[in-house]
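Chemist: Need coordinates for the below:
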Amino acid sequence: MAFYAPRMASPAPGRDNGARASSDDAATDEAPLDPSTIELRYRYHRARRRDRVRVREENRLAGYRFYIAMTVLLALAVAFLIGSWHEIQRLFGL
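Modeler: This next block holds a predicted model:
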């Protein structure tokens, strides 16, 4: 079954497609900017950026921890195998 997404209608000919007729209309429609709101948005985005950097750093360190743990486990397994092999040679006289 195929999904059908209808195309969006085109604008009527001869219209300005939402462009402002004068700069006075644009000035009256703009909301006044609150400096404290701007500062809050800056702080919000800085915090998000810090969190992204922190998560990236934690993922990098987790990768290092994984490879260190795998190396330690591999070294323990090799040491166990070598010790077992020597014990088998001693017991059975190989």
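Chemist: What ranges in the protein fall below the confidence cut-off?
Modeler: 1-6, 8-9, 15-29, 31 (pLDDT under 70).
Chemist: So which residue is dead centre in it?
Modeler: Using C-alpha atoms, centre = their mean, the residue of the chain that lies closest to the mean C-alpha position is residue 52, 6.6 Å off.
Chemist: tell me what the helix or strand where residue 44 lies is packed against?
Modeler: For residue 44, the host element (DSSP states H and E) is helix 35-92. Here helix 35-92 touches no other helix or strand, going by 3 or more C-beta pairs under 8 Å, 6 or more residues apart in numbering; DSSP states H and E. For the C-beta atoms, the positions are set from N, CA and C on the backbone; glycine is no exception.
Chemist: so how far is that helix off the chain centroid?
Modeler: In terms of C-alpha atoms, centre = their mean, to the nearest Å, the centre of helix 35-92 is found 18 Å from the chain centre.
Chemist: same check, this time on stretch 33-53
Modeler: Relative to its chain's centre, stretch 33-53 lies at 18 Å (C-alpha atoms, centre = their mean).
Chemist: again with stretch 81-94
Modeler: Its chain's average C-alpha position is 51 Å from that of stretch 81-94, according to C-alpha atoms, centre = their mean.
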